[in-house]
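Student: no sequence on hand, only this structure:
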Ligand code: 4AD
Ligand code: MG
């Protein structure tokens, strides 16, 4: 059968998605993809072909009088990659609207059914995590990664339409933005024989940057520097945290979106965060109906309803103090403390969102002692103008704050928490020259994707996950 003969026009409708959008019935064409399943009867074989452009497969009929049954049985197994040509025929009496009646095919790459790990059945997400290099071939991950792509685009669109400037902040940095010590250190010093001073200190002057360097945990500090000239900026890039715990919500490498706005106070920033999240939900509902229907059916029966509800609901805003009172009066037996001053744990966040409010909650004005050094101190002297957005099923999805723009207050706070001021000189400079009120927040892309896709583990919404003891 060989190559398609010359009379085949260059492909206009190349992908399976294109065929479904506008089926070129009775036309001869070539389609390329991978075998999802194959069934062979006496006279014909049926192949379901997929190419990742849609969750739908193309039914291909291979008549055995044209293409030998032996060759088909030998070559066309789940996972094999091929080009197939023939005529597209309407099939009004079948579940699928049309099928490709094949004249021939070219096998690009076989997939040995004895060893190929994916089969027709649905595999568990745990199993697929062990073969992350192959999971883009499943409908689940095609749906998730297409939504991830579409949401990333919508994030840019949202900010670009509103005059925010996209800035690229560095990945290598000298400072710990969150002051939480979850840093990956980057060095060219030989680990077998680290050069040291006589007093035992590492001789960093021999290191690449002549000072300690780390992978960034957040682009915020540099984002603030750019916002102090450009007014409204956003970052969108990878961030790194040496997070030692195994949870379904933490990655060592994740993507964060961080808008930073000069002249915004806390209330304006919470409004922006809420509007932004609803925009992304609307975008996903509008553009990914097929994917959402699949994920709802397969994984999370309430997914579609939850997205619809959330895009309409006004997020409940509670001060931290109010939230603590609600938790104390809840009658629940929480594992962690609900004393004023303790940090909200996942169990508290989920109670507030899922039982108390039954919609997203924004908690603001947290105790100063449990939040980062850069947050603006409130009049009461014991809380800071911070906020977290809490979502059903997930908990914290956004963390943000109004920044401390007053030099003396900031310096004092940095000294209190024991930061190495040398690494933050530029950050302090912002408060020496033209310092103005400003605010911002960070959205964790993978946390948002859990909400949008119904997945329950952040390892399943990023193509290749990095967690404490795993690199997929
Ligand atoms: O609350 P976080 O730590 O805030 C910041 O980093 C600020 N500098 C943001 C800012 O104000 N510009 O992180 C922000 C969000 C969290 O709400 C969460 O969604 C996500 O980032 N996140 C993680 N996602 C996955 N894995 C981790 N280890 C994460 N840590 C934080
Ligand atoms: Mg946080």
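Tutor: Right, received. Where do you want to start? Predicted model only: the values in this text are computed from it and were never measured. Ligands and ions are numbered 1, 2, ... in the order given.
Student: just the helices in the stretch 301-450 of the chain please.
Tutor: With DSSP state H, counting those that start in this stretch, the ranges of helices along the stretch 301-450 of the chain come out as 303-312, 320-329, 346-350, 407-416, 425-432, 445-453.
Student: which one of those lies closest to residue 166?
Tutor: Residue 166 lies closest to helix 445-453 among the helices of the stretch 301-450 of the chain, at 14.8 Å (CB to CB). C-beta coordinates here come from the backbone N, C-alpha and C atoms, glycine included.
Student: if we can go back for a sec, mind putting the helices of the stretch 301-450 of the chain in CSV, mean pLDDT, mean neighbour count and distance to ligand 1 included?
Tutor: Below are the helices of the stretch 301-450 of the chain laid out as CSV (pLDDT from 0 to 100; neighbours: other CB atoms under 10 Å; distance: least, CB to the nearest ligand atom, whole Å):
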stretch, mean pLDDT, mean neighbour count, distance to ligand 1
helix 303-312, 95, 16, 16
helix 320-329, 98, 18, 14
helix 346-350, 94, 19, 11
helix 407-416, 96, 15, 15
helix 425-432, 95, 15, 12
helix 445-453, 98, 24, 4
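Student: list, one by one, the residues from this structure near ligand 1.
Tutor: Contact residues, the chain versus ligand 1 (CB under 6 Å from any ligand atom): 177-178, 218, 220, 241, 243, 250-251, 254, 256, 258, 396-401, 440-442, 444, 446-447, 458.
Student: name the nearest residue to residue 317, ignoring sequence neighbours.
Tutor: For residue 317, ignoring the flanking residues on the chain, the nearest one in space by CB to CB, 6 or more residues apart in numbering is residue 362 at 4.7 Å.
Student: so the one you found touches residue 316, yeah?
Tutor: Yes. Under the criterion of CB atoms under 8 Å, residue 362 makes contact with residue 316 at 7.2 Å.
Student: look at residue 421 and report its pLDDT.
Tutor: pLDDT, residue 421: 89.
Student: give me the nearest residue to it, chain neighbours excluded.
Tutor: residue 414 (6.3 Å).
Student: measure the one you found to residue 85 for me?
Tutor: As for residue 414, its distance to residue 85 is 68 Å (criterion: CB to CB, to the nearest Å).
Student: give me every residue that touches the residue nearest to residue 421.
Tutor: By CB atoms under 8 Å, 6 or more residues apart in numbering, residue 414 lies in contact with 373, 421, 424, 428.
Student: report the contact partners of the second one.
Tutor: Which is residue 421. 411, 414, 415, 428.
Student: may I see the buried residues of stretch 132-151?
Tutor: Going by neighbour count (16 or more other CB atoms under 10 Å), the buried part of stretch 132-151 is 132, 135, 137-148, 150-151.
Student: mind checking how far that stretch is from the chain centre?
Tutor: Relative to its parent chain, stretch 132-151 has a centroid offset of 11 Å by CA atoms, centre = their mean, to the nearest Å.
Student: before we move on, what about stretch 235-250?
Tutor: 11 Å.
Student: now do the SS call for residue 276.
Tutor: Residue 276 falls in the helix class when you classify it by DSSP: H, G, I helix; E, B strand; the rest coil.
Student: and for it, the neighbour number?
Tutor: By other CB atoms under 10 Å, 22 other residues sit near residue 276.
Student: then the one 5 residues further on?
Tutor: By other CB under 10 Å, 22 other residues sit near residue 281.
Student: show me where the stretch 101-250 of the chain has its strands.
Tutor: Using DSSP state E, counting those that start in this stretch, the strands found in the stretch 101-250 of the chain span residues 165-166, 172-173, 185-186, 213-215, 232-240.
Student: hey, which of those strands is tucked in deepest?
Tutor: strand 232-240 (a mean of 22; mean count of other CB atoms under 10 Å).
Student: residues contacting it, please?
Tutor: Counting by CB under 8 Å, 6+ apart, 152, 155-156, 159, 162-169, 171, 183-184, 215-220, 222-223, 226-227, 252-262 sit against strand 232-240.
Student: no further questions, thank you.
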